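Q: Provided below for reference: sequence and predicted model.
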Amino acid sequence: MTTTAESPHAAYFAFRDRLLGDLRTTVLNGEQLCEAGRLIYGRPEGLSLYGIPAPRMESAGIRLLGRTTIECCVDDYAVDVADALAELHGPLPYGGETPLLVDLFCGSGNFSHHLGTRLGITVHAAESDPDVHDATRHNLDRVGADTRLHLGDYGDLLGKLPARSDRDTYFVEPPWGPAFTPAGLDLTRTAPPVPRILDDITRSRAGRPCLIAVKTNDLIAHDSLDRAFTGAEHLRSITPPPVLPHGANMHFHLYRLGSGNDAHSR
Ligand SMILES: C[S@@+](CC[C@H](N)C(=O)[O-])C[C@H]1O[C@@H](n2cnc3c(N)ncnc32)[C@H](O)[C@@H]1O
């Protein structure tokens, strides 16, 4: 979404366009990371991943590409999502088989990293962009994250991970691209579309129930969130206070998929 210099938050939108444009595969320096924190979250420390705020990222050896800087789920949000999911998972230790934690569109890997750390469970993650994969592999090694990162398509990873338990959890955050418009985020137009991803998850587990965490913005187009999750049980939404114009802030939604969910009704 490109905006004019007259709009309120013009600096944010101009920087966003650069992060997804000429800086897309550039590792940002300390100054750029702090600028991103200021413009996106109101303060440099607002951009924080793996427990490391922007002012310390460069010295900690964290490599963040332009695209991942705008696409990532920062610590404040990831911790809130992990808290909510941990509550739904119930008490540790697990009696039966350890549940799967799967981050299908890994990016920085921070979205799932916090739940994996919290539950002491290995995260399985897929990332198809080799540049993002390499930077994230480097970062996860740097912070000692227990994430098995696969370079490739989310569908290949799903094919390798049969269902283990009803508490298996999938993080779903595909690139928005043309799905992000002034009219809102259309989840049927992400790449790939969210309904197709949910069908693929359902198929990979032969319909066995699971938990899904999905990130959206705060303006959904065409009722596409409800339509994508038709038949699923909405468990919780996490809606951090807005810092950007309506439509540019992040929301997170937790669902139980399966148990009566009809994938074909989506
Ligand atoms: C919106 S970002 C995810 C950000 C992530 N949740 C985080 O906290 O950093 C989407 C990521 O999915 C990757 N991706 C796109 N298509 C994919 C596919 N088919 N399979 C796996 N990864 C894919 C992109 O390269 C991008 O890094």
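A: Great, that's in hand. Predicted, not measured: the structure shown is a model, and the values here were computed from it.
Q: contacts, neighbours, all on C-alpha from now
A: Noted.
Q: Show me which residues of the stretch 101-250 of the chain sit near the ligand.
A: Counting by Cα under 6 Å from any ligand atom, the stretch 101-250 of the chain comes close to the ligand at 104-111, 126-129, 132, 152-154, 173-175.
Q: quick one, strands of this protein?
A: Taking DSSP state E as the criterion, the chain carries its strands at 48-49, 52-53, 101-103, 123-127, 147-151, 169-172, 180-181, 184-185, 210-217, 233-238, 250-257.
Q: The second one and the ligand, any residue contact?
A: This means strand 52-53. No: applying Cα under 6 Å from any ligand atom, one finds strand 52-53 out of contact with the ligand, separated by at least 13.9 Å.
Q: Name the strands paired with that strand and say parallel or antiparallel.
A: Counting by DSSP bridges, the strands paired with strand 52-53 are strand 48-49 (antiparallel).
Q: coming back round to it: which ones among the residues of the stretch 101-250 of the chain next to the ligand are found in helices?
A: With DSSP state H as the criterion, helices contain Asn110, Phe111, Val132, Tyr154 from among those.
Q: Show me which of those residues has the smallest pLDDT value.
A: Within those, Phe111 has the lowest pLDDT, namely 94.
Q: burial of that one, as a residue count?
A: If you count neighbours by other Cα atoms under 10 Å, Phe111 ends up with 29.
Q: you'd agree it is up against Ala78?
A: Yes: here Phe111 reaches Ala78: they are 5.1 Å apart, a contact under Cα atoms under 8 Å.
Q: Nearest to Gly51 among the ones in helices among the residues of the stretch 101-250 of the chain next to the ligand?
A: Comparing these against Gly51 with Cα to Cα places Asn110 closest, at 9.3 Å.
Q: where does the stretch 151-266 of the chain have low pLDDT?
A: Low-confidence segments of the stretch 151-266 of the chain (pLDDT under 70): 260-266.
Q: Would you mind listing the residues in contact with Ala213?
A: Neighbouring residues of Ala213 by Cα atoms under 8 Å, 6 or more residues apart in numbering: Val81, Thr169, Tyr170, Phe171, Val172, Phe252, His253, Leu254, Tyr255.
Q: Kindly recompute the last result at 7 Å.
A: Tyr170, Phe171, Val172, Phe252, His253, Leu254, Tyr255 (Cα atoms under 7 Å, 6 or more residues apart in numbering).
Q: Drop the exposed ones from those residues and show what's left.
A: Tyr170, Phe171, Val172, Phe252, His253, Leu254, Tyr255 (16 or more other Cα atoms under 10 Å).
Q: thinking again about what came up before, most neighbours of all the ones in helices among the residues of the stretch 101-250 of the chain next to the ligand, which one?
A: Ranked by neighbour count (other Cα under 10 Å), these have Phe111 at the top, with 29 neighbours.
Q: where do the helices sit along the stretch 1-150 of the chain?
A: 10-20, 30-41, 54-57, 66-71, 75-89, 110-119, 130-143 (DSSP state H, counting those that start in this stretch).
Q: Of all the ones you listed, which one is nearest Pro193?
A: helix 66-71 (16.6 Å).
Q: Can you name the residues bridging to the nearest residue to Ala248 once chain neighbours are set aside?
A: Spatially, and ignoring its direct neighbours in sequence, Ala248 is nearest to Asn217 (6.0 Å; Cα to Cα, 6 or more residues apart in numbering). Beta-bridge partners of Asn217, counted by DSSP bridges, are Met250.
Q: Tell me if I'm right that Asn217 and Met250 touch.
A: Yes: with contact defined as Cα atoms under 7 Å, Asn217 counts as touching Met250 (4.4 Å).
Q: Could you chop this protein up by domain?
A: 10-71, 75-265 (automatic domain parsing).
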